[in-house]
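1. Sequence and computational prediction follow.
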Amino acid sequence: MSEVKALSAAPIPEKSIDYVTQDMPCAVHISYQVTVVSNLMAFGSSPKNVEQFGINLREWRVVGALGKMGPLTAKRLVELIRQDKANISRAIAELSAKNYIIKMPNNAHKKSPFIWLTIEGLALYDTIYPTFTQQAEMFASVLCEQEQALLCQLLDRLKDNTEKVRKEQELD
C-alpha cells in the first residue's frame, strides 16, 4: 500500500508587495501588464457586451476579423487572430449555429472553405463595431494622440519581436 504524505504549506514571505510585478524586471512587468490590459479591454470579455450582443470574446474576434478583412479560411483566421485552432473551430461552430457565418467554396483549396458573414452576421458586425470603437477610445483616452500613436508603434514592434523570438525558440 502506498502511504499518504501530509502536505505542508511553504513559508510565507515576510515582505509584503503592492502588486504582482513589484521588484521584477521591466520585461516581466510589460508582459504581465500587456496581458492584464488586453483582458480588460477585450470587447467580448465584458459580461455586459456578451449579454447585449449575444456573442463571446472568441466569436467577436472571428466576426470582427471577417467584418474587417472579408471572407477568410479558418487557417487564415488562426494566423490573424493569434488564437489556437481549437478556439477558432469552436467560434466557427458557435457562429454557424447562430446563423452568423457560412462556409463558401474555395476553388484553390477544396478542403479549406472560406468563412464569411451571413446577412445577419454582417448586421451584427455593423451593430457591434461602433460600440467596440467607442469603448476602445474610452479606454485609451488617458493617453494623448501622440502617446496613442507611440504606443501603437511600440506594440507593433513588441508583437513582431515576440513572433520572431517564438519562432526562433520554437515556442509555437
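-> Great, that's in hand.

2. Longest helix of the chain, counting residues only.
-> Ranked by residue count under DSSP state H, the longest helix found in the chain is helix 145-168.

3. what's the average pLDDT for that one?
-> Averaged over helix 145-168, pLDDT sits at 97.

4. can you map out the helices along the protein?
-> Under DSSP H, the chain gives helices at 26-41, 47-53, 57-69, 74-81, 85-97, 119-140, 145-168.

5. For those helices, please prepare a markdown table with the additional fields distance to N106 and mean neighbour count.
-> No exception for glycine: its C-beta is placed from N, CA and C like everyone else's. Compiled in a markdown table, those are given as follows (distance: least, C-beta to C-beta, whole Å; neighbours: other C-beta atoms under 10 Å):
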| stretch | distance to N106 | mean neighbour count |
| --- | --- | --- |
| helix 26-41 | 31 | 12 |
| helix 47-53 | 29 | 13 |
| helix 57-69 | 15 | 20 |
| helix 74-81 | 10 | 16 |
| helix 85-97 | 14 | 16 |
| helix 119-140 | 18 | 14 |
| helix 145-168 | 26 | 11 |
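
6. got a markdown table for those helices, with distance to P13 too?
-> Output for the helices of the chain, formatted as a markdown table (distance: least, C-beta to C-beta, whole Å):
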| stretch | distance to P13 |
| --- | --- |
| helix 26-41 | 17 |
| helix 47-53 | 35 |
| helix 57-69 | 35 |
| helix 74-81 | 39 |
| helix 85-97 | 36 |
| helix 119-140 | 34 |
| helix 145-168 | 31 |
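
7. can you tell me which of those comes nearest to L7?
-> helix 26-41 (28.3 Å; C-beta to C-beta).

8. Export only the CA atoms of the closest one, formatted as CSV.
-> Taking C-alpha atoms only, helix 26-41 is exported to CSV below (Å, rounded to 0.1, in the frame of the first residue of the first chain):
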residue,chain,number,x,y,z
CYS,A,26,10.7,45.6,-16.7
ALA,A,27,10.3,42.8,-19.3
VAL,A,28,8.2,40.8,-16.8
HIS,A,29,6.1,43.9,-15.9
ILE,A,30,5.5,44.6,-19.6
SER,A,31,4.4,41.0,-20.3
TYR,A,32,2.1,40.9,-17.3
GLN,A,33,0.6,44.4,-17.9
VAL,A,34,0.0,43.8,-21.6
THR,A,35,-1.9,40.6,-20.7
VAL,A,36,-3.9,42.3,-18.0
VAL,A,37,-4.8,45.3,-20.2
SER,A,38,-5.6,43.0,-23.1
ASN,A,39,-8.0,41.1,-20.9
LEU,A,40,-9.6,44.2,-19.5
MET,A,41,-10.0,45.8,-22.9
